[in-house]
Structure formats: structure tokens, C-alpha cells
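>>> Compute the structure for the input listed below.
(chains A and B)
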Amino acid sequence: MSVIAAKELRIIGFLCNWCSYGGADTAGISRFKQPTDLRIIRVPCSGRVDPLFIVKALLNGADGVLVSGCHPRDCHYSDGNFYARRRLEMLKRLLPFIGIDERRFHYTWISASEGERWQQVVTDFTKQIHKLGPLHTKTEVRVES
Amino acid sequence: MSLEKLKETVAKVFHEVDVVIGYKQGFDPLHATPCFITMPEQVDQLIWNPLCVQNLTSYLPFLKKKVGIVVKGCDSRTIIQYMQEGLIKRDNIVIVGLPCTGIISVKKVLHEIDNQPVESITFRDGGNVVVKTIKGQKTLSLSDVCPDKCSTCQYPTPLIYDHLIGEPIKSDKPPESVYEDIRKFEKKSLEERLEYWEKEFDRCIRCYACRNACPMCICQDSCIAETRDPHWMSQKLTLPEKFMFHMIHAVHLAGRCVECGECERVCPMGIPVNKLKKKINLEMKELFGYEPGVNLEDKPPMYTFNVEERKIEEYKL
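Numbering: from 1, shown residues only, chains lettered A, B, ... in the order given. Got it, this is the predicted structure:
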């Protein structure tokens, strides 16, 4: 574990089945090194990601949330990620208002062939979350590992 | 006298519809309550004064018949929003519009008179309210006891109506003042903001009054706060659950909240629930130039998209 020497944090990733999950898979197949803080949840499309998934994760102990879908115009369902883009942007702007750093939530677009880009995004995002440290809300239910 | 003209108009209107919804005197002089008119003699029950606070349009999506409705300027935005979302048909409603010079907040009045029972209440010209209790009488300025929405009101005259009682009036409040409180709150640090909300939401008793009073909360019995499959929330009275409930409420109203302030008005714990929604509205205005319930041709921003978003840029890590 060279990327992050510190203790692991909880990062949740919502990945679209058709592009980003494939991208993460490509990175794995190509044996690109990645930090291990991220837990991936596979969703059919980034349009399936309700902004409340992210809120729920952050309020219940996640330190960071990553959402990744197909590049705009590449959606398997033709327009899922366009809707997602508006919703996620809305949430990104709402989070600092309730006192959660908006850098704890990141959304991006990665295609199935972009293994290298996936590696880059995961590494950078994990680094960013580690820089911010654990999210301390009174709401969290933390189980010490 | 606008009350006479209102009665006259309602008497005319209720022949073409099944029911007319207006205001009548409530259980004490301080409260007005909704009134459903189906018979000619009921027209005399109607009242019109700054006590007519409730947003009556909340009934509209659930009434299957043809309805007449009495609306203030702020309430009329709800009707436009309903139509944008296809929840009601314009042909099924007759709107009686009333230009409004401000209403009063019952909570603020009760606070001023130490929660004493009210014996009588009179409205004087020049924006004064005289409240009589057993302890004596108190003169209050209308601008001191109005809800926050009135102090920044932009739409005193209904934006949509079939019959207008009286002359249309223009707002004298600057448009920048609407979101002043939000901008001020944003100057606080992240920790202060989180602390603020945790403190506020900790008082929540999960009575769901804010949801039930909200005209745009149309899921009603299938609200995700109460469904057990998927299980979004438990019935525990813990802070995460309360926080989550208010976030559900806010996010479901993204780009739809007409800022009628009903949620805050009915909250028994005095939680500033409207603040989150106002923040989202501010962002919607900034991102998409959209204001809920103002223009019939608009589409709520979360219901649609542009292939190229001018204002949304990809974030760099």
C-alpha cells in the first residue's frame, strides 16, 4: 500500500454498469495499482443514482462518495447521464450548505476502455478524501475496525 | 370593499363549479380556516383579511371535480407549478385572485401576546393590527408580524387568475432581497453550518407536518419516508433519521418549491425547514435561470436536460 500510508477511510463508489464499471474492470485486468478504500456499488446507469443515495451514505458513515457514469452522449440508455448530471450538480451545490465539504463528493465520466483514467480518478479522489480526513458528523454510526 | 366583491364573485363562480375553496373564520379570532362552498348561503361565511394564511391550492391535485379557488399572489405560483408538472388541468379550475398586501404569522402574534387567548383582532389602515386579550390590548405593526416570505414578496398579485378582486399591485421589495438570508448563512464556516443543522434537526419530532402541508409533496401515501420496501428510513428518533428525512424533503422539491413557506408555518418545533429549499432554488436560478411557478411555458429543470449544459463544468480533482 504505497499510495496511502494512513488508515483506510470509507469511500463509496456508484459506477454505471456499461462504462465506468467496465473501466474499473479494465484497470483491474491491466493490473493498475489502486488504493483500496473504495467500495464499489454497481448501478445500471448513472441516471439510477438518486442524489439521496449520496446523502444517505455521507450521513451514515461514508467519508467520501464517487459517482461515475458514461461520458455524455455515450449513455447506454441514451439520456440517463444527462439527467444524472443535473441532479448531481444540484447536490454538489447543496452539500456545503448543510456543512459537508463538497470535495467529499465527486462525479465524473469514465468509459469502459479508460482503465488508466479510472486509476487516476480513484487515486486522486482517495488522496483528496484522506487530506480532508474522516467526516465527523454527529449522525454517523461508526464501527471501529 | 373587496370582501363584498369577493362574495359576489364566488356566488357567481360556484354555479359553474362543484365546490369553491375559500377562507372562513376559524375556532378563535386569530385563525382562519378553509371553507368549502357548495351552497349559496355559505358565501356569507367567507372572510378576507391578513389572517387568510393557508395555501389552499394544496387541495387541487386530489380533487377530482371542477373546483373554484381563492388565491393570493404567492399561492398562485403553486397552480402554475402544478400545471407545469401536469398535475391539474386548467379547464377544471376557476381561479379567483386576490392581490395581497401581506399576511400575518400566527406564531409571531402569539409570541408577542405571551400566548394568551385572543378575544378580538382588528386591522387598522396603515398596517396596524390591534389584538385584544384578557391581559389588555396590544397594537402590532403588520410588518413586524408578517411571515418572512412577505418581507421579500415579489408577487403580491396572482400570476394566473380568471377573476381578479380589486386592482393589481406591484411589489416594492427589491428582487435581490429574496435570497439575502441564504447568502448570509453561506458566510458561516462549514463546521458552523453542520452544527447549525444538527442542532435544528435534533428538535424535529418527525410529525411530518411539513410534508403534509407542502403543496408540492404529491407522493402522499407512497412517501419514501414511510415505505418499508425499499427501507430508506427506520422509525428511530435519531439524528441521522431526522436529518435524512429533511434531506429527502429538500431534494424531492429541487427546482419545484414555490417558497410558500407552509412547511415552516406548520412546524411545531420552529425548524427553518424552508431554508434548504430556498438554497436549492437559488442554485436552480443560477444554473438554469428557472424560478418555480412563474412561467407556464417553463419545464422544471430536474424533469429535463440539455445536451450541452452551459453552466455545468466537469470538476477537476
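>>> Measure how buried the closest residue to chain B within chain A is and give me the count.
Closest contact between chain A and chain B, by C-beta to the nearest C-beta, is at residue A:99 (2.6 Å). Using the backbone N, CA and C atoms, a C-beta is placed for each residue, glycine as well. Neighbours of residue A:99 under the rule other C-beta atoms under 10 Å in any protein chain shown: 18.
>>> Which stretches in the chain count as helices?
With no chain named, the answer covers chain A. A:20-29, A:51-59, A:80-94, A:115-132 (DSSP state H).
>>> not quite, I wanted chain B
Assigned by DSSP H, chain B shows helices spanning B:2-13, B:73-84, B:106-112, B:148-151, B:180-186, B:190-202, B:209-213, B:239-252, B:262-266, B:274-288.
>>> Adding mean pLDDT, distance to residue B:98 and mean neighbour count, write those out as CSV.
CSV is the format used below for these (pLDDT from 0 to 100; distance: least, C-beta to C-beta, whole Å; neighbours: other C-beta atoms under 10 Å in any protein chain shown):
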stretch, mean pLDDT, distance to residue B:98, mean neighbour count
helix B:2-13, 91, 7, 17
helix B:73-84, 94, 8, 24
helix B:106-112, 91, 19, 16
helix B:148-151, 90, 14, 18
helix B:180-186, 94, 27, 13
helix B:190-202, 93, 33, 17
helix B:209-213, 92, 20, 19
helix B:239-252, 93, 29, 22
helix B:262-266, 93, 18, 23
helix B:274-288, 94, 23, 21
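>>> Can I get those in a markdown table including distance to residue A:8?
Putting these into a markdown table (distance: least, C-beta to C-beta, whole Å) gives the following:
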| stretch | distance to residue A:8 |
| --- | --- |
| helix B:2-13 | 67 |
| helix B:73-84 | 46 |
| helix B:106-112 | 48 |
| helix B:148-151 | 45 |
| helix B:180-186 | 33 |
| helix B:190-202 | 23 |
| helix B:209-213 | 38 |
| helix B:239-252 | 22 |
| helix B:262-266 | 40 |
| helix B:274-288 | 32 |
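>>> Contact partners for the residue nearest the centre of chain B?
Nearest to the geometric centre of chain B sits residue B:260, at 2.2 Å (C-alpha atoms, centre = their mean). Counting by C-beta atoms under 8 Å, 6 or more residues apart in numbering or on different chains, residue B:260 touches B:55, B:74-75, B:77-78, B:149, B:215.
>>> Mind picking the two most distant members of those residues?
The largest separation in the contacts of residue B:260, counting by C-beta to C-beta, is between B:149 and B:215 at 13.6 Å.
>>> these two touch, right, the residue of chain A closest to chain B and residue B:194?
Yes. Using C-beta atoms under 8 Å, residue A:99 is in contact with residue B:194, at 2.6 Å.
>>> what touches both of the two?
Any residue near both residue A:99 and residue B:194 by C-beta under 8 Å, 6+ apart counts here, and that gives residue A:137.
>>> who in the stretch 151-300 of chain B is up against chain A?
Proximity of the stretch 151-300 of chain B to chain A, by C-beta under 8 Å from any C-beta of the partner chain, involves residues B:185-186, B:190-198, B:232, B:238-240, B:243-244, B:247-248, B:250-251, B:254-255, B:276, B:279-280, B:283-284, B:287.
>>> pLDDT weak spots in the chain?
Since you didn't name a chain, this refers to chain A. Along chain A, the model assigns pLDDT under 70 to residues A:1-6, A:138-145.
>>> sorry, should have said chain B
For chain B, the stretches with pLDDT under 70 are B:1.
>>> Where does it get nearest to chain A, residue-wise?
Taking C-beta to the nearest C-beta as the measure, chain B has residue B:194 as its residue closest to chain A, at 2.6 Å.
>>> show me the contacts for that residue.
A:98-100, A:137.
>>> quick one: the strands in chain B?
B:19-25, B:32-37, B:67-71, B:93-97, B:118-124, B:128-133, B:136-141, B:163-164 (DSSP state E).
>>> what angle sits between the fourth one and helix B:73-84?
Regarding strand B:93-97 and helix B:73-84, their directions subtend 160 degrees when assessed with axes from the mean of the first three to the mean of the last three C-alpha atoms, to 10 degrees.
>>> in its sheet, what does strand B:93-97 sit against?
Here strand B:93-97 is paired, per DSSP bridges, with strand B:67-71 (parallel), strand B:163-164 (parallel).
>>> Can you tell me which of those is packed in deepest?
strand B:67-71 (a mean of 25; mean count of other C-beta atoms under 10 Å in any protein chain shown).
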